[in-house]
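Undergrad: Sequence isn't available, so here's the structure alone:
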């Protein structure tokens, strides 16, 4: 083309305007359809059904592992064959997602508390996948999400009132019971340690926990027809133990004391009976404390047997009711979610172990938890029919540079004797790795010196509610 021809095209204003209009129309078209996918780009289309699509609108994102893989193009209400109304989502996914495993799950989740939603997909492990245009069944919409308003609706007026009364009751109930609470908290450490292997054994498939409840149901069904015989058995046991009470000491006591040696000899003389005799020796060793107190408890046991004679004839109807209870428990145990829940309890116990070990000394040594409940109850203990109010008093701040009463650029450090910052955000509470002292509430005031953190020296472990006269919650000294 000649230079004159090129200059003629560029100098034509109609042609330049037409090209500009076409470019603008294409840009507007692409922008308008950006949320629905760009044209000529291959997609993987699916239809998914969910129980509730509240606040989900066309154009919302579809994510896998937090990454955007598509959009929602339409949200339509449909009715299932059973007459239930559900929401049907039209999804346009990226082509690289195809095929999505058929055991994948779909759930509508919030992006934030403002109400914006998105569809979260958790891919499954199945080798089979959904074909293009397939409809994902409602069973794949799990777990069912909990809306924010549903969570807050449980805190209605009666619930809020109950929480207030519970907090006040806990404060009054724990007052004066610090030593008992300390012992209970101290026992949590071995409890959490010991419960972890127990929960692991219960969660193990080898334990066969599901077989326990059917066995109990069968046992109850077997016992129901012989309730009268059991009542006669307890009556005869009453006569037997009444006769044994007269010879419990020293004869039965000496027999029990000499039984371990007898079992040891029997184990040596009867090798074929060794497993049975070993188990019997362990049983007798465990029963020894009970046999020692048998003379004192025999009258009580006799009264129990008399009560059993009157009560056991009434047990057959109760046993028949137990059969249905154990059937329900068997169905519960067969639920595949139950072992997972037990395993989660075991994991929770393992996670809580270091936390309990760190927090236990704060109560068992320093009594801080009891003091907190007591002071919270005291703080809000006065009021009228309109509610309660807090009790406090204003303390005037010292005057000087960087004082607490004015904006400051550094900690208060003089020159007056009172204008010094005293702050301890993390006081020692006898936790692991800390000195055995209850710093909070016991730290002394050092006049004329800025003190930040734990003051030098050991402040001791005496707090309010323990032996001594220092109040850990306020730092005051009582008579």
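TA: Received the coordinates, thanks. Quick caveat: nothing in here was measured; it's all calculated off a predicted structure.

Undergrad: ok, and the helix or strand in this structure with the lowest average confidence?
TA: Between all helices and strands in the chain, the lowest mean by mean pLDDT, DSSP states H and E belongs to helix 3-10, at a mean of 52.

Undergrad: which stretches of this protein form strands?
TA: Counting by DSSP state E, the chain has strands at residues 43-50, 61-64, 67-79, 85-94, 105-110, 117-122, 135-136, 382-384, 387-389, 422-423, 451-452.

Undergrad: Figure out which of these is closest to residue 459.
TA: Closest approach to residue 459 among these (CB to CB): strand 451-452, 12.8 Å. Where you see a C-beta, it was placed from the backbone N, CA and C, and this is true even at glycine.

Undergrad: Okay, now the sheet partners of the closest one, with direction.
TA: Strand 451-452 has the following sheet partners, assigned by DSSP bridges: strand 422-423 (parallel).

Undergrad: give me the low-pLDDT residue ranges for the chain?
TA: For the chain, applying pLDDT under 70 flags the ranges 1-12, 14-19, 21-41, 113, 148-149, 466-479.

Undergrad: Return the residues in contact with residue 239.
TA: By CB atoms under 8 Å, 6 or more residues apart in numbering, the contact list for residue 239 is empty.

Undergrad: Then residue 404?
TA: 397, 398, 412, 421.

Undergrad: mind running it again at 6 Å?
TA: Listed by CB atoms under 6 Å, 6 or more residues apart in numbering, the contact set of residue 404 reads residue 397.

Undergrad: Okay, it and residue 414: tell me how far apart.
TA: 14 Å (CB to CB, to the nearest Å).

Undergrad: repeat for residue 289
TA: According to CB to CB, residue 289 and residue 414 sit 68 Å apart.

Undergrad: In terms of neighbours, single out the busier of those two.
TA: Remark: of residue 289 and residue 414, residue 414 carries more neighbours, 14 against 8, as counted by other CB atoms under 10 Å.

Undergrad: In space, what's closest to that one - neighbours in sequence excluded?
TA: Nearest residue to residue 414, sequence neighbours excluded (CB to CB, 6 or more residues apart in numbering): residue 420, at 6.5 Å.

Undergrad: my read: residue 436 touches residue 430, true?
TA: Yes. If you go by CB atoms under 6 Å, residue 436 and residue 430 touch, sitting 5.0 Å apart.

Undergrad: who has more neighbours, those two?
TA: Taking other CB under 10 Å, residue 436 and residue 430 do not tie; residue 430 has more neighbours (19 against 14).

Undergrad: residues in contact with that one?
TA: 361, 365, 436.

Undergrad: Same check on residue 192?
TA: If you count contacts by CB under 6 Å, 6+ apart, residue 192 has them with 349, 352, 353, 356.

Undergrad: Take those and keep only those in helices.
TA: If you go by DSSP state H, those have 349, 352, 353, 356 in helices.

Undergrad: show me what contacts the second one?
TA: So the one you mean is residue 352. residue 192.

Undergrad: distance of it from residue 445?
TA: Applying CB to CB, the value for residue 352 to residue 445 is 37 Å.

Undergrad: same check, this time on residue 181
TA: Applying CB to CB to residue 181 and residue 445 gives a distance of 30 Å.

Undergrad: Please identify which of those two sits among more neighbours.
TA: Neighbours per residue (other CB under 10 Å) separate residue 181 from residue 445, with residue 181 holding more: 17 against 10.

Undergrad: residue contacts, the more buried one?
TA: Going by CB under 6 Å, 6+ apart, residue 181 touches residue 370.

Undergrad: Could you list the domains of the protein?
TA: 3-32, 40-149, 393-479 (automatic domain parsing).

Undergrad: tell me which residues in stretch 43-54 are buried?
TA: Under the neighbour-count criterion of 16 or more other CB atoms under 10 Å, stretch 43-54 has 43, 44, 46, 47, 48, 49, 50, 53 buried.

Undergrad: and if you look at stretch 402-414?
TA: Burial within stretch 402-414, assessed by neighbour count using 16+ other CB under 10 Å, is assigned to 402, 403, 412.

Undergrad: Please name the residues that touch residue 174.
TA: Contacts of residue 174 by CB under 6 Å, 6+ apart are 370, 373.

Undergrad: How about residue 290?
TA: Taking CB under 6 Å, 6+ apart, one finds nothing in contact with residue 290.

Undergrad: rewinding a little: of the contacts of residue 430, closest to residue 245?
TA: Set against residue 245, the nearest of the contacts of residue 430 by CB to CB is residue 365 (47.1 Å).

Undergrad: How much space separates that closest one from residue 353?
TA: Taking CB to CB, one finds residue 365 at 19 Å from residue 353.

Undergrad: the more surrounded of those two?
TA: Just comparing residue 365 and residue 353: by other CB under 10 Å the higher neighbour count belongs to residue 365, 19 against 16.

Undergrad: Just want the most central residue of the chain.
TA: residue 348 (7.2 Å; CA atoms, centre = their mean).

Undergrad: how near is that one to residue 192?
TA: Note on residue 348: its distance to residue 192, by CB to CB, is 9 Å.

Undergrad: Kindly report the same for residue 335.
TA: On the measure of CB to CB, residue 335 and residue 192 end up 26 Å apart.

Undergrad: Ok, residue 263 next?
TA: For residue 263, the distance to residue 192 (CB to CB) stands at 37 Å.

Undergrad: what about residue 438, how many residues close to it?
TA: Counted with other CB under 10 Å, residues neighbouring residue 438 total 26.

Undergrad: Same question for residue 230.
TA: Neighbours of residue 230 (other CB under 10 Å): 14.

Undergrad: Ok, the one 3 residues further on next?
TA: The local packing of residue 233 (other CB under 10 Å) involves 14 other residues.

Undergrad: Ignoring the adjacent residues along the chain, who's closest to residue 193?
TA: Using CB to CB, 6+ apart and skipping the chain neighbours, the partner closest in space to residue 193 is residue 353 (6.6 Å).
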